[in-house]
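> next comes the sequence, and after it the predicted model I'd like to discuss.
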Amino acid sequence: MKLVTFDDGLVGRLDGDTVIELDVPSTRVFFERDGQVAETGRTYPLADVRLRAPIVPRKFFHTAGNFREHHEDLVRVDWSHPVNKGIVFFQNVDAIIGHDESIVYPANLTQELDYELELAVVIGRPGKFFTAEQALEHIGGYLVFNDITARDIQRKEMESGVFSFSKAIDTFCPIGPYIVTADEIGDPHDLDMELRVNGDIRQKSNTSRMSVSIPQLVAYHSPQTYSAGDIITTGTIAGVAASTEDPFANYLRPGDVVEAEIERLGVLRNRVVSWQDAYGTPEPPAEQWV
């Protein structure tokens with residue numbers, strides 16, 4: 001099943017080019033009810049609805065360093081700090097946006113806006129302290145995540161050994177375009193991944209190259225306690241702008257269109273826009289306290 005949130009927060013499932021409305025207030029509640037929800041009887045052409053972020057979780061577990069190729073990519077260009085597996089932090093759920101919503105470029109905060117294609121896991125069943133063998137019982141589905149990152153802020157944060165602000169700025173958390181339930185995917189460890197900027201391929205890999213499997217990741221996080229609808233990310237692949245020979249030629253700028261695609265999970269598309277274009281007012285100055 002492909003679950004969508006659309007228009008003013010309605011929930012539905014896709015059937016080809018038709019959205020079938022479900023009688024549930026949110027996709028998070030869909031998972032809380034173990035998917036046992038009725039249809040309202042209303043249907044909509046997909047072309048006539050506006051997709052929103054498919055879910056707003058209670059908790060968003062952010063992992064990094066799970067693709068060795070990403071770490072090796074950054075070592076090659078002498079990135080300021082290693083990105084090894086085991087990095088864990090929380091994402092700001094208020095930064096979440098959906099398909100075709102704008103990433104607002106805060107030029108007074110950053111000049112190094114980067115992209116990171118990731119597969120994200122949606123928890124279907126709450127739980128804690130379980131094993132990798134038990135983890136599949138807790139996975140509800142999967143979606144595409146583009147981990148927008150301010151690299152200049154991130155480098156400063158990593159001097160203290162942790163980062164969060166650089167990835168948690170408003171609109172820096174695109175997810176979507178929908179949730180594909182786990183029963184439709186089966187084994188998620190052989191899905192092609194590709195990110196494009198203005199049609200040019202920047203990242204290209206496969207989920208088979210993860211260092212730590214999805215059941216291991218889900219089990220690893222479980223002592224922090226899951227609620228239904230929580231999200232766990234699985235790390236990015238090689239090819240981020242920061243790892244290229246000329247990062248400033250590849251960092252995102254207003255006007256860029258980013259397409260993040262994972263096989264069978266769809267294409268998440270977002271345009272980068274200036275503060276002025278987004279809000280119609282000049283961007284406020286940034287407080288420089290670091």
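Yes, it's here.
> so how far is residue 124 from residue 242?
34 Å (Cβ to Cβ, to the nearest Å). From N, CA and C alone the C-beta is placed, and that goes for glycine too.
> tell me which residues touch the residue positioned nearest the centre of the chain, please.
A centroid search over the chain (Cα atoms, centre = their mean) returns residue 145, at 2.0 Å, as the residue closest to the centre. Residues touching residue 145, when contacts are defined by Cβ atoms under 8 Å, 6 or more residues apart in numbering, comprise 117-120, 173-175, 231, 233, 260, 268.
> tell me which of those residues is nearest to residue 191?
Ranking the contacts of residue 145 by separation from residue 191, with Cβ to Cβ as the measure, puts residue 119 on top at 7.0 Å.
> hey, what's the closest one bridged with?
On the basis of DSSP bridges, residue 119 is bridged to residue 144.
> right, and it touches residue 146 too?
No: using Cβ atoms under 8 Å, residue 119 and residue 146 do not qualify as a contacting pair, with a distance of 11.1 Å.
> so what sits against both of the two?
Shared contacts of residue 119 and residue 146, defined by Cβ under 8 Å, 6+ apart, are absent.
> ok, now which ones touch the closest residue to residue 125 other than its chain neighbours?
Of all residues not flanking residue 125 in the chain, residue 138 sits nearest, at 4.7 Å (Cβ to Cβ, 6 or more residues apart in numbering). For residue 138, the residues meeting the contact criterion (Cβ under 8 Å, 6+ apart) are 123-127, 130, 218, 222, 226.
> coming back round to it: just the buried residues out of the contacts of residue 145, in PyMOL syntax.
Of those, the buried ones go into a single PyMOL selection, burial set by 16 or more other Cβ atoms under 10 Å:
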select buried, resi 117+118+119+120+173+174+175+231+233+260+268
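> minimum pLDDT in the contacts of residue 145, which residue is that?
In terms of pLDDT, the least confident member of the contacts of residue 145 is residue 233, at 94.
> can you list contacts of the helix or strand containing that one?
Element membership of residue 233 [criterion: DSSP states H and E] is strand 231-236. Taking contacts as Cβ under 8 Å, 6+ apart, the residues outside strand 231-236 that touch it are 55, 57, 59-67, 70, 85, 91, 116-123, 143, 145, 147, 175, 203, 207, 210, 214, 217-218, 221.
> where's the residue nearest to residue 125 relative to residue 159, distance?
When Cβ to Cβ is applied, the distance between residue 138 and residue 159 equals 36 Å.
> likewise for residue 101?
Distance of residue 101 to residue 159, computed by Cβ to Cβ: 32 Å.
> next one: residue 42
As defined by Cβ to Cβ, residue 42 lies at a distance of 53 Å from residue 159.
> now the helices for the stretch 101-250 of the chain?
For the stretch 101-250 of the chain, the helices identified by DSSP state H, counting those that start in this stretch occupy 132-135, 151-158, 182-185, 214-221, 247-250, in order along the chain.
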